[in-house]
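Chemist: return a 3D structure for these sequence lines:
(one chain, ligands or ions: 3)
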Amino acid sequence: MGTAPEEGRERPRLYLISPPVIDLDTFEMAFRNALAGGDVACFQLRLKDRPAEEIIAATKCLLPIAQDAGVAFLLNDDAELARDLDVDGVHVGQDDMPYEEARRILGPDAIIGVTCKNSRHLAMEAGEAGADYVAFGAFFPSSTKSDTVKTEPDILTWWSETTLIPAVAIGGITIDNAEVLLQNGADFLAVAAGVWEYKEGPKEAVAAFNRMIDKVVANW
Ligand SMILES: Cc1ncc(COP(=O)(O)OP(=O)(O)O)c(N)n1
Ligand SMILES: Cc1nc(C(=O)O)sc1CCOP(=O)(O)O
Ligand SMILES: [Mg+2]
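Modeler: Ligands and ions are numbered 1, 2, ... in the order given. The predicted structure is shown next:
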């Protein structure tokens, strides 16, 4: 991972979120293509409200691919399933389970991220509790999730000046709108539709995000 020498800030990275519903046969190839496109830090399997068997089957197929590529694999919502499937961690929202419970289930080494919407208070709470990252958003209208809270990029500036805990930016992020989030201090860009629905395909989307990140970092 590269760093920007002037500020000692880590190079921001891409955090892929799966579509909420997938056809595994098709998605496996899309996933391989995405990971072949360039640097990806993390993948979150977010099969929203799908049966456990579907999540288990998708994890068994996709986890080895992520591991081969050095990409962390997180489940959305379900810490117990994350433990049982031996993935790298879980993302929990405010209506899922408290961070502390997820940590108790998954142990000290798991990656646990917490949704903080547009709330400085929630982020401080999650950070003090020990979250590995806090997620702010939605910064832009999302075609993937409807119940979002509009969030302004300056929360990322405040967070990056307040703490070293990484900030994940999420919600409607595309290659065309992401730069402001990087300029404000996002450590990770969490993206679903902006990759899976990119007109030239997921591999080119990941490549284009990485080119954009490199361009921004070069000007720090
Ligand atoms: C990285 C990241 N940030 C936010 C969310 C949203 O979590 P949540 O509020 O629990 O909503 P659902 O994703 O469960 O619908 C996320 N999943 N990932
Ligand atoms: C899972 C999720 N959480 C959000 C939040 O605001 O907390 S927005 C979102 C959807 C991310 O997908 P896309 O990149 O297609 O908008
Ligand atoms: Mg959730």
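
Chemist: phi, psi of the residue lying closest to D132 once chain neighbours are set aside?
Modeler: Spatial nearest neighbour of D132, chain neighbours left out: I111 (4.9 Å); criterion: C-beta to C-beta, 6 or more residues apart in numbering. Every C-beta, even on glycine, is put in place using the N, C-alpha and C of the backbone. Main-chain torsions, I111, degrees, to the nearest 10: phi -90, psi 130.

Chemist: and for the one 10 residues further on?
Modeler: Comment: the main-chain dihedrals of H121 come out as phi -60, psi -50, following degrees, to the nearest 10.

Chemist: for ligand 2, what are the nearby residues on the protein?
Modeler: 17, 46, 115, 137-138, 142-145, 148, 170-173, 191-194 (C-beta under 6 Å from any ligand atom).

Chemist: write the ChimeraX selection for whichever of the residues you listed are buried.
Modeler: In ChimeraX, a selection of the buried entries from the residues of the chain next to ligand 2 looks like this (16 or more other C-beta atoms under 10 Å):
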select :17,46,115,137,138,142,144,145,148,170,171,172,173,191,192,193,194
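
Chemist: just the ones in strands from the residues of the chain next to ligand 2, please.
Modeler: I17, T115, I170, V191 (DSSP state E).

Chemist: now do the helices in the chain.
Modeler: For the chain, the helices defined by DSSP state H occupy 24-36, 52-68, 79-85, 99-106, 120-129, 154-162, 179-183, 193-196, 202-218.

Chemist: in the fourth one, what's buried?
Modeler: What it means is helix 99-106. Y99, A102, R103, I105, L106.

Chemist: show me which of those neighbour ligand 3.
Modeler: Subset of the buried residues of helix 99-106 in contact with ligand 3: empty, counting by C-beta under 5 Å from the ion.

Chemist: closest to ligand 3 among those residues?
Modeler: Within the buried residues of helix 99-106, the smallest distance to ligand 3 is 11.0 Å, found for A102 (C-beta to the ion).

Chemist: find the nearest non-adjacent residue to that closest one, please.
Modeler: Distances taken as C-beta to C-beta, 6+ apart place A79 nearest to A102, at 4.1 Å, with adjacent residues excluded.

Chemist: I figured that neighbour hits P98, correct?
Modeler: No: A79 sits out of contact with P98 when judged by C-beta atoms under 8 Å, with a separation of 10.2 Å.
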